[in-house]
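Q: no FASTA, just this:
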């Protein structure tokens, strides 16, 4: 793939303290455009993201999947059609520079989707809560049992071929987004790879794993999504 067009989608809900650092660490010579979706933030996320050079979209209704869908809708209208889309969180828990490694199997036509696995990589102590670790373990076991695909993580840091992403016709608007993508990749016989990535404590407070309500809702939606597509 010569001169590939790589776009980065970053959902962001009240991440004014993290999104600027994330943007500064993205390999600028690798990507065509970085799109931050301001997902109902009440802080300075949008201003910081614009200052960091990102295109900023607004999704006023909260929901991780909604933010991602907003980004995909934008990509359908860009002049330079994407080849690869990278999804990355705004909380600085991932290492943006590692996207160079994530996109390579797609650029070399060895994969359609590459998941950054925190399980296979190095996790900073305390970067994942016990409920996150257990939830990942359970979800990936169910994916293997019901869909015959072996993943170790539902990590949000991932790269996917743009044409494959469109073919998936993603639907989830909240917490089931990552598992929907992975199970659809399995059902559609796409070439799936995992690569180890490093993971550190996020900047700020997690709105999902940091609360009992968020943890329960996320767990329910992930399990619901797994069984929905059987």
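A: Structure received. Source: prediction; values computed, not measured. Numbering: from 1, shown residues only.
Q: Figure out how far the worst-scoring helix or strand of the chain on mean pLDDT is from the centre of its chain.
A: Between all helices and strands in the chain, the lowest mean by mean pLDDT, DSSP states H and E belongs to helix 212-228, at a mean of 90. How far helix 212-228 lies from its chain's middle: 17 Å, per CA atoms, centre = their mean, to the nearest Å.
Q: pLDDT below threshold where in this protein?
A: Scanning the chain for pLDDT under 70 picks out the ranges 207-212.
Q: Helices of that one, start to end?
A: Assigned by DSSP state H, the chain shows helices spanning 19-25, 45-51, 64-75, 99-107, 130-147, 162-168, 177-187, 212-228.
Q: taking those helices together, which one is wrapped up most tightly?
A: Of all the helices of the chain, helix 177-187 carries the top mean neighbour count, a mean of 23, counting by mean count of other CB atoms under 10 Å. Quick note: C-beta positions are derived from backbone N, CA and C, even for glycine.
Q: List the contacts of that helix.
A: With CB atoms under 8 Å, 6 or more residues apart in numbering as the test, helix 177-187 has contacts from 64-65, 68, 112-113, 115, 139, 143, 147-149, 151, 154-156, 158, 160, 164, 168, 170-172, 192, 222, 225-226, 229.
Q: okay, which residue is most central for the chain?
A: Centroid-nearest residue in the chain, with CA atoms, centre = their mean: residue 156, separated by 3.3 Å.
Q: List the contacts of it.
A: 87-89, 94, 178.
Q: And for residue 13?
A: Residue 13 touches 39-41, 45, 62, 67, 207, counting by CB under 8 Å, 6+ apart.
Q: Swap in 6 Å and give it another go.
A: With contact taken as CB atoms under 6 Å, 6 or more residues apart in numbering, residue 13 is in contact with 39, 41.
Q: And it, how far from residue 45?
A: 8 Å (CB to CB, to the nearest Å).
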